[in-house]
Each structure stands twice: as C-alpha cells, then as structure tokens.
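> 3D model of this:
(chains A and B)
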Amino acid sequence: DSGVTQTPKHLITATGQRVTLRCSPRSGDLSVYWYQQSLDQGLQFLIQYYNGEERAKGNILERFSAQQFPDLHSELNLSSLELGDSALYFCASSAHHSANYGYTFGSGTRLTVV
Amino acid sequence: AQSVTQLDSQVPVFEEAPVELRCNYSSSVSVYLFWYVQYPNQGLQLLLKYLSGSTLVESINGFEAEFNKSQTSFHLRKPSVHISDTAEYFCAVRGTGGGNKLTFGTGTQLKVEL
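Residues are numbered from 1 along each chain as shown, chains lettered A, B, ... in the order given. Below is the predicted model of the structure:
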C-alpha cells in the first residue's frame, strides 16, 4: 500500500456521461498530480494541485476539471465522455510543490467508456 | 521543457541474464531523473532516482542506473534478472530550475523468461 488511495478502482460508463474520480494523498503530502495512461499516449500529465491551489496544468481537456479540497483530497471530474477517454487515471502525491524526490502513485482508476 | 525517450518498447531476456533498459533525456537545464516500475494492475513505484552527487544510483532490489551528462542518458541495468522483475519500466525527468511535474517516457516492457 503506497498510502495514496484512489476510488473507484474500476468505472464503466456510457458516452456523454460524467464521472468523478477521487484521490486521497499520502499522509503529510500537500501536492496532488493527475495523470492519464493510455496505450497510444503513454503517461500524460493532466494537472497538479498544491495545498488547494492549482499549480501546474498539462494536457487536460476542457471537458475535464479537478480540484483539491481543504482536507487535501482531490477529485478529477470528466464530463461529456468519449470512447477515447477510456484509460487508466493515476493520482500521485508529493510532500512539496516541487517533485524533487519523485511522486508516490496510487493504484489508479480504470475508466471504460462504452 | 524536458523530454524522455525510451527506445525499446519491449525487452525479452532470460532469467539470470543481464539487462539494460535505455533512457535518453532532452533538457536545456539541469535535471533530476527517475526510474519507476509498474507491475500488472498496479500503480507506478519509484525504483531509483538521481538528484545530484554520485552518478551511479542503486535500488534495493539490485537495479542500478548511471547518469551520463555527456550522453544525456540514464540507462537502467541489472546484472542478473529474476522472473519477478517482469514489469513495465518508466524513465522520468524533471528540470531542476522550475516546473513541478515529472515527464515520463513511453515505457519499456521487460519480460523475463525461463
């Protein structure tokens, strides 16, 4: 157990729907990062939050949004889902806003859009 | 911006044989370098990292990587692999001068055979 908790582990939904993925960072970590892993794109950075504030943004679609709450857990919202959004979504955390010592990853949420 | 290239998508090797997984990076600034391992249906786990100091870094399970600035490489090696090393290995880079995220390579699938 890495200490980073992601729920749900699996999610199957239809095109056009909206889902919310949840991440609880490791105890004491203030930064949360979201990545999308797909066969054709590899690991793509989506967004980072640090202590409740957006810190960095990557290749995140406008249909996707995220936030970090006062208790430091984070949610990634995916809307108007398309077949191409099917992927593994990982959350990672680190102690600081910089990733000098690397991340700790959760086990991911596998999203299947049908 | 930084980028990472993992030239080999798959590396088959027999048990107890040596292996090298190649990683080259591109950056206009100094970098931190990481290797992560992903076992089937799991998240990524930090294997080892180079931040500064000795260019040869080791993990607890026998892997090592050498930072070579002139060749912009950070290849991962193990002198004798085990079946349990079968996994996907990702190289990642972060610039030291700023930016918070890790940029990952496309991964190398290491398959250890009897």
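> near chain A, which residues of chain B are found?
Applying C-beta under 8 Å from any C-beta of the partner chain, one finds that chain B approaches chain A through B:32, B:34, B:36, B:41-46, B:49, B:51, B:90, B:92, B:94, B:99-107. C-beta coordinates here come from the backbone N, C-alpha and C atoms, glycine included.
> so of the residues you listed, which ones are in strands?
Those of the residues of chain B next to chain A mapping onto strands are B:32, B:34, B:36, B:44-46, B:49, B:90, B:92, B:94, B:103-104, per DSSP state E.
> report the buried members of the residues you listed.
Applying 16 or more other C-beta atoms under 10 Å in any protein chain shown to those, the neighbour count classes B:32, B:34, B:36, B:44, B:46, B:49, B:90, B:92, B:94, B:103-104 as buried.
> where does chain A have low pLDDT?
A:97-100 (pLDDT under 70).
> actually chain B, not the one I typed
B:96-100.
> number of nearby residues for residue 72?
You didn't say which chain, so I picked chain A. 21 (other C-beta atoms under 10 Å in any protein chain shown).
> other chain: chain B
Residue B:72: 16 neighbours (other C-beta under 10 Å).
> list, one by one, the residues from chain A near chain B.
A:2, A:4, A:31, A:33, A:35, A:42-43, A:45, A:48, A:50, A:55-56, A:58, A:90, A:92, A:97-108.
> okay, and which of these map to strands?
A:31, A:33, A:35, A:42-43, A:45, A:48, A:50, A:55-56, A:90, A:92, A:104-105.
> among the residues you listed, which ones are buried?
The neighbour-count criterion (16+ other C-beta under 10 Å) marks A:31, A:33, A:35, A:43, A:45, A:48, A:50, A:55-56, A:90, A:92, A:104-105 among those as buried.
> element containing residue 112, please.
Since no chain was named, I'll use chain A. strand A:109-113 (DSSP states H and E).
> meant chain B, my bad for not saying
Per DSSP H and E: strand B:108-113 holds residue B:112.
> paired strands for that strand, with orientation please.
If you go by DSSP bridges, strand B:108-113 pairs up with strand B:10-14 (parallel), strand B:87-95 (antiparallel).
> go through those and name the closest to residue A:9.
strand B:87-95 (18.7 Å; C-beta to C-beta).
> and the angle from the closest one to strand A:42-50?
50 degrees (axes from the mean of the first three to the mean of the last three C-alpha atoms, to 10 degrees).
> between strand B:87-95 and strand B:44-50, how big is the angle?
Relative orientation of strand B:87-95 and strand B:44-50, computed by the same axes, to 10 degrees: 50 degrees.
> just the CA atoms of strand B:87-95, as PDB, please.
Extracted C-alpha coordinates of strand B:87-95, given in PDB (Å, rounded to 0.1, in the frame of the first residue of the first chain):
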ATOM      1  CA  ALA B  87       7.100  -5.400 -15.400                       C
ATOM      2  CA  GLU B  88       7.000  -2.100 -17.300                       C
ATOM      3  CA  TYR B  89       9.700   0.400 -16.500                       C
ATOM      4  CA  PHE B  90       9.300   4.100 -17.000                       C
ATOM      5  CA  CYS B  91      12.000   6.700 -17.100                       C
ATOM      6  CA  ALA B  92      11.100  10.200 -16.000                       C
ATOM      7  CA  VAL B  93      12.700  13.600 -15.900                       C
ATOM      8  CA  ARG B  94      12.100  16.900 -14.100                       C
ATOM      9  CA  GLY B  95      14.000  20.100 -14.600                       C
END
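> thanks again, I'm all set now.
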